[in-house]
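Got a predicted structure plus its sequence, pasted below:
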Amino acid sequence: MSVAEPRRIVLFRHAKADWPQVPDHERPLAERGRMDAPAAGRKLADTGITFDLALCSTAVRTRETWKLAVPELPHRPKTVYEERIYEASPGELIAVLNELPDEVRNVILIGHNPGVHGLADILAGSAEGDALARMNRRGFPAAGFALLSYDGHWKGVEPGVATLTDYWAPSE
């Protein structure tokens, strides 16, 4: 089943984290991460996408990344802090997306590797330009994001249904 206008899914990896002696969930951003997160926010704004919803892991580093990136956007979406995104596999992330109400057009998911990179690979049945080659060559560095387009309802998100339309990393 198709929808009139494609949905957009942005998979955004948290910015560079520090390694202090704290539990992994409590790791804050490193100085470089505090610089890269707003830069990623500016690049997200350049996409022209208005996000209806942000799904953010509850980990400190993802919350800090989003807090620094979102002021760069022209429209601040509703943000939901979702525990299931922390340490999630691609399949678990698909389950989170499958639960979205169809009123949500465009979503940004702020999460962690390897789940975010795996999900981008799994969802992308096709790609525009060199986006897939760049993502596979570079991996999915901290503060990087993948932009996917999807025609359908959220319940239908599954492997291969989306098109990778853009990919960005801080060093690009």
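On my side now, so go ahead. Numbering: from 1, shown residues only.

Go through the helices and strands of this structure and name the one with the lowest mean pLDDT.
When the helices and strands of the chain are scored by mean pLDDT, DSSP states H and E, helix 131-138 comes last with a mean of 91.

And the contacts of that helix?
For helix 131-138, contacts defined as Cβ atoms under 8 Å, 6 or more residues apart in numbering pick out 117, 120-121, 124, 127, 144, 146, 164-167, 169, 171-172. From N, CA and C alone the C-beta is placed, and that goes for glycine too.

would you turn those residues into TSV with pLDDT and secondary structure?
Below are the contacts of helix 131-138 laid out as TSV (pLDDT from 0 to 100; DSSP: H, G, I helix; E, B strand; the rest coil):
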residue	pLDDT	secondary structure
His117	96	helix
Ala120	97	helix
Asp121	95	helix
Ala124	96	strand
Ala127	95	strand
Gly144	97	coil
Ala146	98	strand
Leu164	98	strand
Thr165	97	strand
Asp166	96	strand
Tyr167	96	strand
Ala169	94	coil
Ser171	83	coil
Glu172	70	coil
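
Widest-spaced pair of these?
Distance extremes for the contacts of helix 131-138: the farthest pair is Ala124 and Ser171 at 21.2 Å, using Cβ to Cβ.

do you know how far the residue nearest to Asp24 when sequence neighbours are not counted is from Ala133?
Distance criterion Cβ to Cβ, 6 or more residues apart in numbering; nearest residue to Asp24, sequence neighbours excluded, is Ala59 at 7.6 Å. Per Cβ to Cβ, to the nearest Å, Ala59 is found 30 Å from Ala133.

So which of the two has more stuff around it?
Ala59 (25 against 11; other Cβ atoms under 10 Å).

The chain: strands as residue ranges?
Here the chain has its strands, by DSSP state E, at 7-13, 53-56, 78-81, 106-111, 124-127, 145-150, 162-168.

Can I get those strands in CSV including distance to Arg42 and mean neighbour count?
Output for the strands of the chain, formatted as CSV (distance: least, Cβ to Cβ, whole Å; neighbours: other Cβ atoms under 10 Å):
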stretch, distance to Arg42, mean neighbour count
strand 7-13, 13, 24
strand 53-56, 16, 22
strand 78-81, 18, 14
strand 106-111, 14, 25
strand 124-127, 23, 17
strand 145-150, 12, 23
strand 162-168, 10, 23
